[in-house]
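Student: return a 3D structure for these sequence lines:
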Amino acid sequence: MSAPTIALLGNPNTGKTSLFNALTGSYAYVGNWSGVTVEKKVGWIRNSTCSITDLPGVYSLIPLSRDEGVVTDFLMSESSVELLNIVDASQLVRNLQLTVQLLEFGKPLTIALNMVDVAKLRGILVDPKRLSEALGVPVLPVVARALQGCEELGRFLLEGRLEAAAPLTIDYGPVIESAIHQLESELPNWPGIPKRWLALQFLEGNERITSHLLSNGTIQPDRLLHIRKKTEDQLLQAKLARSVPLYLFRCREQFIQDAVRKAVTYGSDQLQTITDRVDRVVTHRIWGIPVFLLLMYLIFMLTFDWLGFPLSDRLDLLISGPLTDLLASGLEAVGASSFIKALILDGIVAGVGGVLVFVPQIFILFMFISLLEDSGYMARVAMVMDRVMEGIGINGKAFIPLMIGFGCNVPGVMAARTIEQPKERLMTILLTPFMSCSARLPVYALFAGAFFAANQAFVVLSLYVLGIVVALAYAKFLSTTAFRGEESVFIIDLPPYRLPQARTLWRSTWEKGKGFIRKAGTYIFGGSVLIWLLSYTGPGGLQVEMNESFLALIGGVLAPLLTPLGFGTWQAAASLLTGFLAKEVVVASMSIIYFVPEAELQGMLAEQFTPLAAYGFMAFVLLYVPCLATVAVIKKETYSTKWMLLSIGSGLLIAYLFVLLLHQTGRWLGLS
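Tutor: Residues are numbered from 1 along each chain as shown. Below you'll find the predicted structure:
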């Protein structure tokens, strides 16, 4: 007998990805807020050939956003599959709405009853056996984060081998049942898919199902649409509901309430949880944002002053001292030419090493961001920010992709798939490049250490806040011009606070940080070689003076444009130009141009920039063109070269105008 294929489905934030990791022993990105799983992920249950597919979290099979459509497409295309439905025991009634739709689909189904520990703390006791009897499918309790019950669930999935049960049939009343009967006579036979389920999904307005049906040449589209419209009119006339989806929801809810009454008991003493007490402060309409800013300030103090700077300083001493000396001795011993020695020591080590010294600070920052995600705080930030963002035309859910953009703009842009409204999703994509990703962090660390040593954390925090403020202002502009009149819908779970597990925290930190290290071996390595070659050669030949190199000539063309911004030197212009490849390459360029260790580089920058110009340079790096990878993913996600070019052009224009205003105002006020 061949191993089964299992699809893992559930509401957002029910621990679905944690269960996937527990069953497969692999690692998929885990975060304690909705929208983490953007695309399906495939793994294999431990010590078996049984595959399991982790599908995006959905509240219903009716897709609202692009990632939710993956679920419907999967069910329609995979004829031989078993379903594993994870439900939150503390939110049972809401979670079972999806379960009922899956039961109506008729495939073999197992329920993983997760978070039974959280439910118990809230005075909610769920009897898995009684729930199983009420729903007619196996129910196994688990605590996915703590790996409790996961081994037993894995064995059951491998050994239980469920038989396909008859699809669940709920009596929806004469109006709906008549419509179902009419549709079943019109619909074609779809292998492995019950006609009743197709009819219900069509009546409920599932756009993916509707598209599949109406594109079938054997049916009459007008006839199907007429049946749906007639059904809705009959429900209105009978005063049963305003719409078919609402009526179906109420019928399913009645079925769910009956099942829950048989399986759930509630304790008499339901104490106020720690989550409730903390939320009184962190989600407060007045204190919520100040608490968020204070928390970010503490994180930046730890990243730059208390922990990160000493570690980066020691790593810089290691790279510029013993490592460089060792490489120099090795090259001398093998008789390397002066060109090869210069390429490796002056180009690769100076460029890549100049960026790698900031790895400790980047990993520390990622660790704290992962801590906020896995603890449940990120969902609260989205809710608090919704009150601000609603006034500018987007909702708080868009803040989650923006927060992901703090790590890297590429996954931030991709996470915009979770936004339901197409135009709001497009706005989020255009805003994400203004978020200060980790690639900008080496630039901040370099300049903040050189010019604002006493206030590094505050200066860097101001840049992160600046990115958010500029993004929100740009969103307001877009919502009153290109996207005027778009409605916004905001639905998000507020999970209980949890103490992140050390292993999960490390894995999440590593997943974020390894991309930075990978770029050191690709973009930064290639960029460093290219920059060094441009600085080593010139119209006069090889090994020319730096000021006579091709790099100086290219930078010299752009330098006059930057003079009104306060940093009109060819070195600054050349560094910014290479930043389009990857923002870290800005630091690599400066390390090669000046060819000194990081500590000495900061001293040389102090001779080239004023503090005002230094802050303007950091702000320009924050706001100007997205990196090459982000540009590529914007084009992919928007399916449009126009929006990609708009992102590049608007970033350049906003950066130039803002820094111009900043510098000229600063000079007028007598700042230097």
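
Student: in the stretch 351-500 of the chain, where is pLDDT below threshold?
Tutor: Filtered on pLDDT under 70, the stretch 351-500 of the chain yields the residue ranges 420, 484-493.

Student: can you pull out the helices in it?
Tutor: 359-375, 377-389, 399-404, 409-415, 422-431, 441-451, 456-479 (DSSP state H, counting those that start in this stretch).

Student: just name the most buried of those.
Tutor: Most buried of the helices of the stretch 351-500 of the chain by mean neighbour count (mean count of other CB atoms under 10 Å) is helix 399-404; its value is a mean of 26. C-beta here means a position set from N, CA and C on the backbone, and glycine is covered the same way.

Student: how many residues are close by Val596?
Tutor: Neighbour count for Val596, taken as other CB atoms under 10 Å: 16.

Student: contacting residues for Ala439?
Tutor: Cys408, Phe516, Lys519, Ala582, Lys583, Glu584, Cys627 (CB atoms under 8 Å, 6 or more residues apart in numbering).

Student: the spatially closest residue to the last one that is not a sequence neighbour: what secondary structure?
Tutor: Read that as Cys627. Distance criterion CB to CB, 6 or more residues apart in numbering; nearest residue to Cys627, sequence neighbours excluded, is Ala582 at 5.1 Å. Ala582 carries the three-state label coil when classified by DSSP: H, G, I helix; E, B strand; the rest coil.

Student: would you confirm that Ala582 contacts Pro626?
Tutor: No - Ala582 sits out of contact with Pro626 when judged by CB atoms under 8 Å, with a separation of 10.6 Å.

Student: look up how far Phe595 lies from the residue nearest to Cys627.
Tutor: 20 Å (CB to CB, to the nearest Å).

Student: between these two, which one's more packed in?
Tutor: Shown here are Ala582 and Phe595; by other CB under 10 Å, Ala582 has more neighbours (23 against 20).

Student: could I get the phi/psi values of the more buried one?
Tutor: Dihedral angles of Ala582 (phi, psi; degrees, to the nearest 10) stand at phi -170, psi 140.

Student: residue contacts, Leu84?
Tutor: Ile6, Ala7, Leu8, Leu9, Ile52, Leu109, Thr110, Ala112, Leu157.

Student: ok so, going back, against Leu431, how distant is the residue nearest to Cys627?
Tutor: Counting by CB to CB, the gap from Ala582 to Leu431 is 20 Å.

Student: ok, Thr481 next?
Tutor: 14 Å.

Student: please apply the same query to Phe447.
Tutor: 25 Å.

Student: same question, Leu463
Tutor: From Leu463 over to Leu431 (counting by CB to CB), the distance is 16 Å.

Student: again, but for Leu235
Tutor: Leu235 is 40 Å from Leu431, by CB to CB.

Student: same thing with Ser320?
Tutor: To Leu431, Ser320 is 39 Å away according to CB to CB.

Student: please apply the same query to Leu103.
Tutor: According to CB to CB, Leu103 and Leu431 sit 40 Å apart.

Student: mind checking the SS state of the residue nearest to Leu365 when sequence neighbours are not counted?
Tutor: Once flanking residues are discounted, Leu365 sits nearest to Thr303: 4.7 Å by CB to CB, 6+ apart. Taking three-state DSSP as the rule, one finds Thr303 in the helix state.

Student: ok, how many other residues are close to Thr303?
Tutor: 25.

Student: likewise for Gly649?
Tutor: Counted with other CB under 10 Å, residues neighbouring Gly649 total 11.

Student: which of the helices or strands spans it?
Tutor: Assigned by DSSP states H and E, Gly649 belongs to helix 641-668.

Student: could you do Phe156 as well?
Tutor: helix 150-159.

Student: helices and strands around that helix, which ones?
Tutor: Here helix 150-159 is seen to pack against helix 16-24, strand 109-114, strand 139-141 when contacts are counted using 3 or more CB pairs under 8 Å, 6 or more residues apart in numbering; DSSP states H and E.

Student: now tabulate the ones you listed in a markdown table and tack on mean neighbour count.
Tutor: Output for the helices and strands packed on helix 150-159, formatted as a markdown table (neighbours: other CB atoms under 10 Å):
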| stretch | mean neighbour count |
| --- | --- |
| helix 16-24 | 25 |
| strand 109-114 | 25 |
| strand 139-141 | 21 |
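
Student: rebuild these as CSV, extending it with distance to Thr218 and mean pLDDT.
Tutor: Listed next are the helices and strands packed on helix 150-159 as CSV, based on distance: least, CB to CB, whole Å; pLDDT from 0 to 100:
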stretch, distance to Thr218, mean pLDDT
helix 16-24, 37, 90
strand 109-114, 30, 96
strand 139-141, 40, 96
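
Student: my guess is Phe596 meets Met604, correct?
Tutor: No Phe there; residue 596 is Val. Yes - contact criterion CB under 8 Å: Val596 and Met604 qualify, at 6.3 Å.
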